[in-house]
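>>> Pasted the sequence and its predicted model underneath.
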Amino acid sequence: MLAETKIKGFDISETAFLIFLIMATRRLEADKYFTSDFNEERYTKKGLEWVNTTESLKDVLNRHYPDMNRKWINSTSAFTVWDAPPERRNPVPLYLRLPN
């Protein structure tokens with residue numbers, strides 16, 4: 001893995017990235033709080049709503065620091081330039097969207 005060259009714009013090689021993807025998927029599938037116990041017996045209605053509607057770090061910041069979001073973050077993502085124009089919001093919930 002360390003001998004492989006990195007893809008331009010990435011900090012890890014393609015092989016390391018694929019291993020990360022496979023392991024991340026398996027960890028999510030094995031997490032009972034994200035699969036079989038992902039229900040109202042374990043989570044509050046508000047908690048389920050947060051999980052099902054949160055799409056980005058900007059959503060988390062907006063939930064906890066709404067004043068900061070209104071004053072400083074104009075962009076769609078907290079990881080882009082904050083003065084960038086926002087992208088159009090998708091009304092379809094994240095968990096119901098088809099992959100691109």
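Nice, thanks for sending it over.
>>> alpha carbons only for contacts and neighbour counts from here, please
Fine.
>>> For the protein, which segments count as helices?
14-30, 45-53, 57-64, 66-72 (DSSP state H).
>>> Dump those helices into CSV; add mean neighbour count as well.
Output for the helices of the chain, formatted as CSV (neighbours: other C-alpha atoms under 10 Å):
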stretch, mean neighbour count
helix 14-30, 12
helix 45-53, 12
helix 57-64, 15
helix 66-72, 12
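>>> Out of these, which gets the lowest mean score?
If you rank the helices of the chain by mean pLDDT, helix 66-72 sits at the bottom with a mean of 82.
>>> That one packs against which elements?
Judged by 3 or more C-alpha pairs under 8 Å, 6 or more residues apart in numbering; DSSP states H and E, helix 66-72 is in contact with helix 57-64.
>>> one step back: go through the helices of the chain and name the closest to P93.
helix 45-53 (6.6 Å; C-alpha to C-alpha).
>>> for the closest one, the distance to its chain's centre please.
The chain centre lies 14 Å from the centre of helix 45-53; the measure is C-alpha atoms, centre = their mean, to the nearest Å.
>>> Would you mind getting the angle between that helix and helix 57-64?
Per axes from the mean of the first three to the mean of the last three C-alpha atoms, to 10 degrees, the angle that helix 45-53 makes with helix 57-64 is 150 degrees.
>>> could you dump helix 45-53 to CSV, C-alpha only?
Coordinates of each C-alpha in helix 45-53 appear next as CSV, following Å, rounded to 0.1, in the frame of the first residue of the first chain:
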residue,chain,number,x,y,z
LYS,A,45,-38.1,10.7,18.1
LYS,A,46,-36.0,13.8,18.0
GLY,A,47,-32.8,11.7,17.7
LEU,A,48,-34.2,9.7,14.8
GLU,A,49,-35.3,12.9,13.1
TRP,A,50,-31.8,14.3,13.5
VAL,A,51,-30.2,11.2,12.1
ASN,A,52,-32.6,11.1,9.2
THR,A,53,-32.4,14.8,8.3
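>>> What is the burial count for T76?
By other C-alpha atoms under 10 Å, 20 other residues sit near T76.
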